[in-house]
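Peer 1: Sharing a model prediction with you, sequence too.
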Amino acid sequence: MRRINLKGMGVALITPFKTNGDVDFQALSRIVDYQLQNGTDYLAVLGTSAETPTLTSNEQKEITQLVIEQVNGKIPIVLGVGGNNTHAVAERLKNDDFSGIDAILSVVPYYNKPSQEGIYQHYKQIADSTSLPVVLYNVPGRTGVNMSAETTLRLAHDCENIAGVKEASGNIMQIGAIIKNKPHDFQVISGDDSIAFPLITLGAVGVISVIGNAFPKEFSRIVRLALSGDYANALHIHHKFTELFELLFVDGNPAGVKSILHIMGYIENSLRLPLLPTRITTYEKIKAILQELNIKC
């Protein structure tokens, strides 16, 4: 019953803001169109890269509706619905309208630092609250707690609508254990651009990408080449982006990719507090690399 194919490159869609702090819906529309025209396999909406904690509930609804209408069924949409109040997340899944959404991406509960059994019971209740496929999201660098391979596999075997996991622990051994022991139709997705290539060689189905906001054509090509077993050509393109991978996150996410999109002319270089744009030194380094890559600035 997992019912969704997340093979390839998904993009963790950013939220553009105007210089006055308002959501820039025109810029968002341009970015969605850019994704549709350049090989993105699916969109992950209202995740970490969207600065979702800073968005009002009305803004979240407007962003989601814009994406649904513009995508118009061309590619799947995965919507971020998570939190550290299990009951509240479950009630939202039961009561909100998810028409046009193909799957839910739900982060490991943050701040509370639950036990592995608490994480299991949290996701079990979430899975029981929706008929949509659910993608687990393990990102211990942000949540303060790691979901172990054992917990992930337990959920994968016990809950038929838990379709996969976005793994951003950076722990290759842990991710490898999940890939080795998972049900055949459970999908392991890289949550980190920099290790997407090696994880695909181990059996991951792709990546939910940050850099794909700016380079959907190039990064989706890396993913497709790797999935087809053409590792040499995938690695050749991957190496072109290694410096950018580091610069993307040195001042926090999505500051790095927003700098790139600003340099490329797609958005204003604006974030909402407590996040700030990249430092000038980082911005100039990014700009220099884009010029070396012959990216229009």
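Peer 2: All right, it came through fine.

Peer 1: Show me which parts of the lowest-mean-pLDDT helix or strand in the chain are buried, residue by residue.
Peer 2: Ranking every helix and strand in the chain by mean pLDDT, DSSP states H and E puts helix 242-249 at the bottom, with a mean of 91. Within helix 242-249, the residues that count as buried by 16 or more other CB atoms under 10 Å are 244-245, 247-249. Just so you know, the C-beta spots here come from the backbone N, C-alpha and C atoms, and that holds for glycine as well.

Peer 1: any idea which element G164 lies in?
Peer 2: Assigned by DSSP states H and E, G164 belongs to strand 162-167.

Peer 1: contact partners of the helix or strand following that strand?
Peer 2: Where DSSP H and E defines the elements, the next helix or strand beyond strand 162-167 is helix 172-181. Helix 172-181 is contacted by residues 146, 148-149, 152-153, 156, 165, 167, 169, 188, 195, 198-199, 202-204 when judged by CB atoms under 8 Å, 6 or more residues apart in numbering.

Peer 1: Name the nearest residue to I211, ignoring sequence neighbours.
Peer 2: D193 (4.9 Å; CB to CB, 6 or more residues apart in numbering).

Peer 1: Touching, that neighbour and F219? I think so.
Peer 2: Yes - counting by CB atoms under 8 Å, D193 touches F219, with 7.2 Å between them.

Peer 1: Which residues are in contact with each of those two?
Peer 2: Jointly contacting D193 and F219 under the rule CB under 8 Å, 6+ apart are 207, 209, 211-212, 241.

Peer 1: What about these, which are in strands?
Peer 2: Applying DSSP state E to the shared contacts of D193 and F219, the entries found in strands are 207, 209.

Peer 1: what ranges of this protein fall below the confidence cut-off?
Peer 2: In the predicted model, the chain carries pLDDT under 70 at residues 1-2, 295-297.

Peer 1: isn't N269 right next to K258, touching?
Peer 2: Yes - contact criterion CB under 8 Å: N269 and K258 qualify, at 5.9 Å.

Peer 1: Please consider this matter closed, and thank you.
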